[in-house]
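Enquirer: Build the 3D model from these lines:
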Amino acid sequence: MADAPELFARIVRRPGVKYTALVPNMLGLERALAAGADEVAVFAPRPRLQPAEHHQGIAESLDNYASVCRAALDARVRVRAYLSTAFGCPYEGPVAPARVAELCQRLRELRCSRWR
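Expert: Residues are numbered from 1 along each chain as shown. Next comes the predicted model:
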């Protein structure tokens, strides 16, 4: 993701297209804003287990995204949220619908404008 500003600088923007940057943390948000992203996206943790590459639990991840969302909204940039493996996890198996609903509610509380 370190080369995202260079990538954004090379994009030939088209009218009516929103250019979104995936932001894992505040540094990613700062880079996305500097690059001119129209909106940002946070990739919420798997419902049962956080990806190993993030080295943090679900609660820590959501706290991190709360800061990212507040800062993005303060900058008048929309935030999308994605919840991975909501319909089953290849590592953990089935995911309880109640857990998915709980995490979606948390994302909604972060004032994400859209979630997938």
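
Enquirer: Now do the SS call for the residue lying closest to L62 once chain neighbours are set aside.
Expert: Nearest residue to L62, sequence neighbours excluded (C-beta to C-beta, 6 or more residues apart in numbering): R106, at 5.5 Å. C-beta here means a position set from N, CA and C on the backbone, and glycine is covered the same way. What DSSP: H, G, I helix; E, B strand; the rest coil gives for R106 is helix.

Enquirer: can you check F43 too?
Expert: strand.

Enquirer: What about it, how many residues nearby?
Expert: Residues near F43, counting by other C-beta atoms under 10 Å, number 17.

Enquirer: what's the distance between it and Y65?
Expert: 9 Å (C-beta to C-beta, to the nearest Å).

Enquirer: cool, R14 as well?
Expert: Distance from R14 to Y65, by C-beta to C-beta: 29 Å.

Enquirer: the more surrounded of these two?
Expert: Applying other C-beta under 10 Å to R14 and Y65 shows that Y65 carries more neighbours, namely 24 against 7.

Enquirer: how about the residue lying closest to the more buried one once chain neighbours are set aside, what does it touch?
Expert: Distances taken as C-beta to C-beta, 6+ apart put V42 closest to Y65, at 4.6 Å, once the chain neighbours are dropped. For V42, the contact set (C-beta atoms under 8 Å, 6 or more residues apart in numbering) comprises 22-24, 65, 68-69, 79-82, 110, 112.

Enquirer: So how do I select the buried members of the residues you listed in PyMOL?
Expert: Burial among the contacts of V42 is assessed by 16 or more other C-beta atoms under 10 Å; the matching PyMOL selection reads:
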select buried, resi 23+24+65+68+69+79+80+81+110+112
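
Enquirer: What about the contacts of V42, which are in strands?
Expert: 22, 79-82 (DSSP state E).
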